[in-house]
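> coordinates for the following, if possible.
(one chain, ligands or ions: 1)
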Amino acid sequence: MNRILIAEDEARIASFVEKGLRGNGFVTSVVSDGVAAYDYAATGAFDLLILDIGLPLSDGFTVLRRLREARVDVPVIILTARDSVSDTVAGLEGGADDYIAKPFAFEELLARVRLRLRADRVPEASVLRVADLALDLRTRRVHVGDRAVDLSTREFALAEIFCRHPDQVLTREQLLSHVWGFDFDPGSNVVDVYVRYLRRKIGADRIETVRGTGYRLRAG
Ligand code: CA
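Sure, this is the predicted structure:
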């Protein structure tokens with residue numbers, strides 16, 4: 001079981017990240033200021049820290065520097081505003097393992113979380129299989145039976161979330177937040193458009209429309 005500490009003072013983002021990680025089987029704790037972030041992370045009880053830079057009381061850079069000074073070697077993924085990426089890259093030299101610019105899609109964060117945890121030790125199946133559909137998470141190659149299929153980044157992310165939840169109805173909202181992120185307009189029809197693309201590539205009857213709700217990937 002992987003325990004992840006989320007240090008983020010914007011409640012909307014903290015809850016978006018927390019819900020997504022819990023939905024993927026992680027145990028999470030949320031703190032909303034830099035002092036609590038340091039105190040919690042320094043306990044050594046967490047496998048990963050997701051650390052916002054703009055935190056009250058003590059900013060993310062300070063938290064990170066203090067942790068490294070105290071020889072707390074928890075992997076850290078920095079969250080930063082898109083327009084301050086250059087400051088963040090400087091911050092990486094201060095001991096962070098990775099950073100992600102806001103706004104981000106949940107799948108993007110999840111991929112980095114898995115990568116950091118895996119670098120630390122966690123083995124994960126690298127190929128997801130549902131019926132004759134196979135997604136290789138490492139090489140990003142996709143096969144339907146023996147046929148190789150070329151998917152765009154978004155299509156792959158969509159296929160991945162379906163494959164992680166076979167036979168389960170996924171709502172448009174779930175798909176939007178997982179693949180496109182919290183900044184996407186909920187009224188958008190982008191999910192339907194991409195499901196159509198995906199059907200064209202992996203087979204039309206594989207993804208069922210559940211009227212008024214969302215979509216389901218058939219496992220059989
Ligand atoms: Ca902030």
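> can you give me the helices in this structure?
Along the chain, counting by DSSP state H, helices occupy 11-23, 34-42, 60-69, 85-92, 106-120, 153-164, 172-179, 190-202.
> what mean pLDDT does the last one have?
By that I understand helix 190-202. For helix 190-202, mean pLDDT is 94.
> give me the distance from it to the chain's centre.
Chain-centre distance of helix 190-202: 21 Å, with C-alpha atoms, centre = their mean, to the nearest Å.
> what's the angle from that helix to helix 172-179?
70 degrees (axes from the mean of the first three to the mean of the last three C-alpha atoms, to 10 degrees).
> what of the longest one?
For the pair helix 106-120 and helix 172-179, the angle between their directions (the same axes, to 10 degrees) equals 50 degrees.
> in helix 106-120, what counts as buried?
106-110, 112-114, 116-117 (16 or more other C-beta atoms under 10 Å). Where C-beta positions appear, they are placed from N, C-alpha and C, glycine not excepted.
> same check, this time on the third one
Going by neighbour count (16+ other C-beta under 10 Å), the buried part of helix 60-69 is 60-67.
> could I get the CA-only coordinates of that helix as PDB?
This file holds the C-alpha atoms of helix 60-69, laid out as PDB (Å, rounded to 0.1, in the frame of the first residue of the first chain):
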ATOM      1  CA  GLY A  60       7.200  24.500  -1.100                       C
ATOM      2  CA  PHE A  61      10.900  25.300  -1.800                       C
ATOM      3  CA  THR A  62      11.500  25.900   1.900                       C
ATOM      4  CA  VAL A  63       9.700  22.700   2.800                       C
ATOM      5  CA  LEU A  64      11.800  20.700   0.300                       C
ATOM      6  CA  ARG A  65      15.100  22.200   1.400                       C
ATOM      7  CA  ARG A  66      14.300  21.600   5.100                       C
ATOM      8  CA  LEU A  67      13.300  18.000   4.300                       C
ATOM      9  CA  ARG A  68      16.500  17.300   2.400                       C
ATOM     10  CA  GLU A  69      18.600  19.000   5.100                       C
END
